[in-house]
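A.B. asks: predicted model, plus sequence, below.
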Number of protein chains: 2
Amino acid sequence: MITIKQIAKELNMSATTVSNVIHGKTKEVSQETIERVKAYLSDVEYVPNINARNLAQNQSKMICVVLRVREDRFMHILSDPFVSEMLGGIEEVVRAAGYYMMICISEDISEIITKVETWNADGLILFCMLDDDALRIQRRYRKPIACVDAYVSDEVDESFGNDYVNVGLDDEGSVCEAVKYLINKGHKKIGFLTDNIEGVNAMRFKGYRRALKEEGIKYSRSNLLMLESTKRDINRSLEKMIRLSENMTAVFCCSDLYATMLMGMAQKLGKNIPDDLSIMGVDDILISRICTPKLTTIHQSAEDKGKIAAEKLLAILKGKDVEERQIILPHSIVERESVKDLREIVSLKAV
Amino acid sequence: MITIKQIAKELNMSATTVSNVIHGKTKEVSQETIERVKAYLSDVEYVPNINARNLAQNQSKMICVVLRVREDRFMHILSDPFVSEMLGGIEEVVRAAGYYMMICISEDISEIITKVETWNADGLILFCMLDDDALRIQRRYRKPIACVDAYVSDEVDESFGNDYVNVGLDDEGSVCEAVKYLINKGHKKIGFLTDNIEGVNAMRFKGYRRALKEEGIKYSRSNLLMLESTKRDINRSLEKMIRLSENMTAVFCCSDLYATMLMGMAQKLGKNIPDDLSIMGVDDILISRICTPKLTTIHQSAEDKGKIAAEKLLAILKGKDVEERQIILPHSIVERESVKDLREIVSLKAV
DNA sequence: AAGATTTCCTTTAACGGTAAAGGTATAATT
DNA sequence: AATTATACCTTTACCGTTAAAGGAAATCTT
C-alpha cells in the first residue's frame, strides 16, 4: 500500500503538497504541480489510510447505528425485517454522503459507549432506545445523535442539546386509530400484544387504552398479552398468547412480525384467521403483504425512517441547523384481510 | 476522551508502561505499578483510540462483508431476508471474537477494493461474488478471504492461496434434487426462474438441466425465465414471467424471495397456487413458512452460512490451518404446499 | 524603490498508540 | 569481586496523515 510520504519522495516534494492536491486545495499548489501529482496518483492507485486520517483530523466519517438488544432474543436483530429495512435506508443515505456505517449491537449501554468511543463515530443513530439510556450515551459521548423509535418526553427532550433529532411515528395516535378501527368493526374484547411496555410501546399502549376509553370500553388487565420473546420461550409463549386470547375477538400486535407469528401459531392450533380471531399489527413489512390472510396493519416506511434519521444526522454533522427536532412520520391504516367485520354478521342475523 | 499519554503523565510514568498494563504484559511491569495503573484506569474509564492502535499495529480487527449489488436492485440488499439472516450469523460470530464488522456495498469492484483498503480490513467475506472478481480483489488486497455463495472452479480455486475458504451449498445437486422432486410429482413443463446465470446460479441451472436430462425431459429455451430485478422493471417482469409460464405446470425459482413474489403476482392475476402453477424455491427464509400456500423449497440455513464463513475466516486470521477450503453445507427438500401432485389427478381420472 | 501582498512550497509538530532499543538498579552466578 | 542475568522502567522513533507555521521568490502597491 503506497503512502503519501512515498509519493512525495518519488516526486521530490513534501508530503503536505501531495496531501493538498488530494484535498483539492488548489490555491496552495501550482497548476503544474497539481498535474504532476495527479498523473502519478492515478498511476499508483493511491488509497488513503483512514486510520491515519481519522487520527490526524479527529473524525471518522463514520455513523454508528446502535441496536440495543437482549442477548437471548428469539431472532437476530439484523434478521428482523423492520430493522433490516430501516438499516437499508440508513445505509443508502450514509453511503451517498461519503460516510461509513458501523453497526453496534449490545445489551449493555457501557459496552455500546465503549465501542462508539473506540471508533470515534462522528454521529449515532439510536434505535428503540429508552430515553434515559439515550441521555446517558449522549452525556458521555458528546456527538450528534438521531433517535429512531424512541419515546422522549418533553422534559427529557430539553436535556438533549441541539445536536439531536428524534424520528418516529405518532405511536399513541396511530395505535389509537387502529384500535378504534377494530372497535368500529364491532370488536369489543381486544387484546394488546407486546414484549415490553417501555418507550415507544408505552405510547402505543396508551393509544390502545385511549381508544378503549373514548369508545366506552372498559380496559381489563387480562387483555394485555406480554410475549416472552426469548429464543427459549417464544413458541411456548406464542401458544400461551393464543390460549389467553380465547375470549377475545381481536388482538393488536406491536409489530407485524409478532402479528404474523401469532397468526402462524393460531393457524397451527387450528384457528381460522380472521374468523376465530382478528389480528392487526404495525410496520407493514414485506411479509404482511405475502402472508395469508394478508395482514391489516398500520403502514409506515421503515426505509424512510432510516433515511430521514440519517439525513438529519448528516445535516447536523454538516453544521446545518435542524429546526425541528421531533420528526413525526406519516402512517396510515391498511385494510387487508386479517380483521373480521363483526357487524356484518350482526346485520346478516338481523335480516 | 482520556489518552494513554495523559494517564502516564498523571501517574508519573511512561506511556509504554501504561500500555503494557493495558495489554497484560505482566512480566514488564511490577505488581505494584499494575495495581496503580489499573486503579486509575477503572476510575477514568479509559477507552483506546482504535485509529491510533490500528495505525501503530497495521491491523484493524475489522472484518468487511462485501455485497456486490446492482445500483437499481428492486430492494435494498440489507432488506433481503436471506442476506440479513446471513449477516446476523456473521455479526454474532465476529462480535463474539472481539472483531468488528463493516458492511461494504457497491456495484463496482474498484470501489469495493478502495473501501476495503481504506479501512485496512483484516479479512473479507465476499457474498455472491463471481470468481474472477473475487480473484481480482484478492490479488490486489492480500488478506484472508471467505467466499459465501460463490461458485469457484477447481482451477480458479488453485489460484487462491491458503488464506481462503469457500462456503456454499451443493448448488447443482440440490437444484437437481428439487427439479427431480417436481418431475416425480408428475411435472414435465418446468420453468427455471432467475435474474442471472452467473456464479452459483449457473450451477443451479446446470442442476436443473441435469435433472431434466436424467429424467428424459427435453430442455426448452423458453422455459428459462429471466427476471428483470430492477426497481423499475420488477413488477412488470414478474407479470411477464407469469404470462410466459402459461404453458408450464411448475416453476423452480432461484430464491424463496423470488418464489414468494412470483406467487404473489400469480395470485394477483387470479391464478391459484398450486392448482394452476406449482412453485418451488431455495433458501427457506422466514416468509416461506408464513406465506400461503406455504412454500415447498430447498432448505438451507443462511445464518449458519454466515456463521461458518466468519468462523473459518477468523480461524485463518488466528493462524490456524484451515484444512478444507471448500465447505459444502447441508440442504434438504422441505415439502410444503406450493407444489401440486399431478399424479393424484391422473390416478383419480383413471378411477 | 521600499514595503506589502501573494504564490507556492517546506518544515515541524501533532494525532494516540505501540515496538524496539536503551538504561539502571538489584539479584544471581562464577 | 567481576560478570551475567533479571526486573522494571524510560526514551526514542514510527505508523500515515494533516494543520500550522515558516520562508523565499515573485508580484503588486503607493
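C.D. replies: Perfect, I can see it now.

A.B. asks: average pLDDT for the helix or strand containing A:E155?
C.D. replies: Secondary structure assigned from DSSP states H and E places A:E155 in helix A:154-159. Averaged over helix A:154-159, pLDDT sits at 84.

A.B. asks: could you dump stretch A:140-148 to CSV, C-alpha only?
C.D. replies: Once non-C-alpha atoms are left out, stretch A:140-148 reads as follows in CSV (Å, rounded to 0.1, in the frame of the first residue of the first chain):
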residue,chain,number,x,y,z
ARG,A,140,-20.8,10.6,27.9
TYR,A,141,-20.3,10.8,24.1
ARG,A,142,-20.9,14.4,23.1
LYS,A,143,-21.6,13.9,19.5
PRO,A,144,-24.8,14.3,17.4
ILE,A,145,-27.5,11.7,17.9
ALA,A,146,-30.5,10.7,15.9
CYS,A,147,-33.0,8.6,17.8
VAL,A,148,-35.4,6.3,15.9
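
A.B. asks: starting at the chain centroid, how far to it?
C.D. replies: 15 Å (C-alpha atoms, centre = their mean, to the nearest Å).

A.B. asks: stretch A:228-237 too?
C.D. replies: Once both centres are worked out by C-alpha atoms, centre = their mean, stretch A:228-237 turns out to sit 23 Å from its chain's centre.

A.B. asks: in that stretch, which residues are buried?
C.D. replies: By neighbour count on 16 or more other C-beta atoms under 10 Å in any protein chain shown, the buried set for stretch A:228-237 is A:S229, A:I234, A:S237. Placement of C-beta: from N, CA and C, glycine included.

A.B. asks: for the first one, which non-adjacent residue is closest in space?
C.D. replies: The shortest distance from A:S229 to any non-neighbouring residue, by C-beta to C-beta, 6 or more residues apart in numbering or on different chains, is to A:D195 (4.2 Å).

A.B. asks: how about the one you found, what does it touch?
C.D. replies: For A:D195, the contacting residues are A:N201, A:M226, A:L227, A:E228, A:S229, A:C254, A:Y258, taking C-beta atoms under 8 Å, 6 or more residues apart in numbering or on different chains as the criterion.

A.B. asks: in a strand, A:Q59, correct?
C.D. replies: No - when classified by DSSP: H, G, I helix; E, B strand; the rest coil, A:Q59 is found to be coil rather than part of a strand.

A.B. asks: for the residue nearest to it when sequence neighbours are not counted, give me its contacts.
C.D. replies: In this structure, A:Q59 finds its nearest non-sequential neighbour in A:D122, 5.6 Å apart by C-beta to C-beta, 6+ apart. Applying C-beta under 8 Å, 6+ apart, we find A:D122 in contact with A:Q59, A:S60, A:K61, A:M62, A:I63, A:Y99, A:K143, A:P144, A:L317.

A.B. asks: what pLDDT does the model give A:D122?
C.D. replies: pLDDT at A:D122 comes out at 95.

A.B. asks: ok, which pair from the contacts of A:D195 is furthest apart?
C.D. replies: By the measure C-beta to C-beta, A:N201 and A:E228 form the most distant pair in these, at 14.9 Å.

A.B. asks: which stretch of helix or strand covers the closest residue to A:L11 other than its chain neighbours?
C.D. replies: Once flanking residues are discounted, A:L11 sits nearest to A:Y40: 6.0 Å by C-beta to C-beta, 6+ apart. A:Y40 is located in helix A:31-44, with elements delineated by DSSP H and E.
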